[in-house]
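**Q** coords please:
(chains A and B)
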Protein chains: 2
Amino acid sequence: MSKVNIAEKFSLFKSYWDPKIVGELNNQYVKLAKLKGEFVWHNHEDEDEFFMVVKGKLTIKLREGDIELNAGEFYIIPKGVDHMPVAETEVHVLMFEPKSTVNTGNIDSDKTIDTLEKI
Amino acid sequence: MSKVNIAEKFSLFKSYWDPKIVGELNNQYVKLAKLKGEFVWHNHEDEDEFFMVVKGKLTIKLREGDIELNAGEFYIIPKGVDHMPVAETEVHVLMFEPKSTVNTGNIDSDKTIDTLEKI
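**A** Next up is the predicted model:
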């Protein structure tokens, strides 16, 4: 593989809630996504999920309260924990999660994406 | 867990080649390390290794050439591939790798650290 410049990869797409695969290791994917607006409440039964904010501000709603992430901050959502990402304005995030992870977890939604693009 | 501010975690230690665990998910660790100088040539037989530069400039020497990483860039070193990180000046890196990964891989060195600190 070549090295990956994260900002350059973000310049290649504009769609929201449409994670792109930018790396693969140890049966996990590294993904980049642009988020804006509200997602859907969901959880991942068997997968922990790493969210790092690269640009902007992300709210991760949990049943017990909100997590506010600014650029340079990350949060790991444990398997089975209900969550809903919310971005008032555009946010760029880097995710690290098992290859099996579906974006909407246990919920079948019009936001569900079964096959992710590699960029 | 709480959210993690990466810069804040880096302010908690000064040692080089001494990765700190800052997160755990799916049998993988998220680690932060400060690097300066030359490491040792080594490989990880069963583990791919993700290096993202947060600050500074890192050279990853491979047998077939060098990879130069600036802030905001990452590289995944596949299992079994010999590599040696080199940092002319202090570099801050974020790593993803299996919990089983030892920093010096297949080499027993005075730089080997068997038990990493969680911060």
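
**Q** quick one: distance of stretch A:54-63 to the chain centre.
**A** 10 Å (Cα atoms, centre = their mean, to the nearest Å).

**Q** what's downstream of the biggest strand by length in chain A, the next helix or strand?
**A** Looking across chain A with DSSP state E, the single longest strand is strand A:83-98. Sequence order places strand A:117-118 as the next helix or strand after strand A:83-98, per DSSP states H and E.

**Q** re the thing from before, the longest strand of chain A near chain B at all?
**A** Yes - Strand A:83-98 lies within reach of chain B by Cβ under 8 Å from any Cβ of the partner chain, at A:96-98. Glycine gets a C-beta too; all of them are placed from N, C-alpha and C.

**Q** cool, and stretch A:27-45?
**A** Yes - using Cβ under 8 Å from any Cβ, stretch A:27-45 reaches chain B at A:28, A:30.

**Q** how about that stretch, which residues are buried there?
**A** Neighbour-count burial for stretch A:27-45 flags A:28-35, A:39-44 (criterion: 16 or more other Cβ atoms under 10 Å in any protein chain shown).

**Q** next one, pLDDT for the spatially closest residue to A:Lys34 that is not a sequence neighbour please.
**A** Closest residue to A:Lys34 apart from its sequence neighbours, by Cβ to Cβ, 6 or more residues apart in numbering or on different chains: A:Tyr16 at 5.3 Å. pLDDT recorded at A:Tyr16 is 97.

**Q** try A:Glu97
**A** 94.

**Q** find the nearest non-adjacent residue to it, please.
**A** Excluding the flanking residues, the one nearest A:Glu97 by Cβ to Cβ, 6+ apart is A:Glu49, at 4.8 Å.

**Q** quick one on the thing from earlier: and the two most separated of the buried residues of stretch A:27-45?
**A** Between any two of the buried residues of stretch A:27-45, the greatest separation by Cβ to Cβ is 24.8 Å, found for A:Val30 and A:Trp41.

**Q** before we move on, the earlier item: can you redo the buried residues of stretch A:27-45 as TSV with secondary structure?
**A** Output for the buried residues of stretch A:27-45, formatted as TSV (DSSP: H, G, I helix; E, B strand; the rest coil):
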residue	secondary structure
A:Gln28	strand
A:Tyr29	strand
A:Val30	strand
A:Lys31	strand
A:Leu32	strand
A:Ala33	strand
A:Lys34	strand
A:Leu35	strand
A:Phe39	coil
A:Val40	coil
A:Trp41	coil
A:His42	strand
A:Asn43	coil
A:His44	coil
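
**Q** just checking, A:Trp85 touches A:Gly56?
**A** Heads up, residue A:85 is Pro, not Trp. No - under the criterion of Cβ atoms under 8 Å, A:Pro85 makes no contact with A:Gly56, lying 11.5 Å away.

**Q** all set now, cheers.
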